[in-house]
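1. The following comprises the amino acid sequence and a computationally predicted model.
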Amino acid sequence: MNICVYGASSKSIDAQFTDAGHALGYLLAQHGYGLVFGGGDNGMMGAVARGTHDGGGRIIGISPRFFNVDGVLYPHCDELIYTETMRERKQKMEDLSGAFIVSPGGIGTFEEFFEILTLKQLGRTKKPLVILNTAGYYDDMLNMMRHTVESNFMSAQTFDLIAVVNTPEQAINYIEHYVEQEVDVEELRKLK
């Protein structure tokens, strides 16, 4: 199985995040999983790819063609798939993956997470979705989501569709023991 890891491309993030990303990639490889990612050479993307490479795992990068400039794409992908748009990229990442891990990232990562979460809420995918909350990075986003529940814009059951973990080991463990959930779409969309 391939696991999609979303994450930042920033060169400026703290080493505690990239160290966790490298460890995650290494664990993916050691557990026999392939990596599907956005193809970037920097930030969380590059760290996870390097970890997967160091562990001997298979790496599939997916990138829009306009990212194909010097220093942007990870050079050691086993397969690098080009798309014309960001939307096509996300679809290809989803299609090739059996699970999703959201590592620390910026607005692109947020958007990828919320799209998969929305698909789960609508019953369009049942694949595991994990937030790797390294050093509490996603605490504020999770608090915003709780506020959304308290304000009746989202069902509290939406939280049942994700796992929030603190370590790469916990992320892999969740995926390996994942049990598909039946989704009451009307309840999750607050239609009842």
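-> Thanks, I have it. None of the values given here were measured: they were computed from a predicted structure.
2. Secondary structure class of the residue nearest to Ala135 when sequence neighbours are not counted, three-state.
-> Excluding the flanking residues, the one nearest Ala135 by CB to CB, 6 or more residues apart in numbering is Gln16, at 5.6 Å. All C-beta atoms are positioned from the backbone trio N, CA, C, and that covers glycine. Per DSSP: H, G, I helix; E, B strand; the rest coil, the secondary structure class of Gln16 is helix.
3. Going forward, count from 467.
-> That works, and once the first residue is 467, the last one we named lands at Gln482.
4. Can you give me the pLDDT of Gln482?
-> We have a pLDDT of 97 for Gln482.
5. how many neighbours does it have?
-> 12 (other CB atoms under 10 Å).
6. where does this structure dip in pLDDT?
-> 655-658 (pLDDT under 70).
7. mind listing the strands for it?
-> Assigned by DSSP state E, the strands in the chain fall at 468-472, 500-503, 525-530, 545-549, 565-568, 595-598, 629-631.
8. Dump the ones you listed to a markdown table, plus distance to Leu494 and mean neighbour count.
-> Formatted as a markdown table, those follow (distance: least, CB to CB, whole Å; neighbours: other CB atoms under 10 Å):
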| stretch | distance to Leu494 | mean neighbour count |
| --- | --- | --- |
| strand 468-472 | 6 | 27 |
| strand 500-503 | 6 | 26 |
| strand 525-530 | 9 | 22 |
| strand 545-549 | 15 | 16 |
| strand 565-568 | 9 | 26 |
| strand 595-598 | 12 | 24 |
| strand 629-631 | 14 | 18 |
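9. Output those in CSV; the columns should cover distance to Ile641.
-> Compiled in CSV, the strands of the chain are given as follows (distance: least, CB to CB, whole Å):
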stretch, distance to Ile641
strand 468-472, 7
strand 500-503, 13
strand 525-530, 17
strand 545-549, 21
strand 565-568, 5
strand 595-598, 7
strand 629-631, 9
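10. For Ser621, which of those strands is the nearest?
-> strand 595-598 (15.9 Å; CB to CB).
11. send the alpha carbons of that closest one over as CSV?
-> Taking Å, rounded to 0.1, in the frame of the first residue of the first chain, the C-alpha atoms of strand 595-598 are listed here in CSV:
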residue,chain,number,x,y,z
LEU,A,595,-6.8,10.1,7.7
VAL,A,596,-4.1,11.0,10.3
ILE,A,597,-2.9,14.3,11.6
LEU,A,598,0.7,14.2,12.7
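12. neighbouring contacts of it?
-> With CB atoms under 8 Å, 6 or more residues apart in numbering as the test, strand 595-598 has contacts from 486, 490, 565-570, 579, 582-583, 586, 604, 608, 627-634, 637, 640-641.
13. Same check on stretch 568-585?
-> Taking CB under 8 Å, 6+ apart as the rule, stretch 568-585 contacts 471-476, 479, 483, 486-487, 490, 504, 509-510, 514, 556, 559-560, 566, 591, 593, 595-598, 600, 603-604, 607, 624, 627-628.
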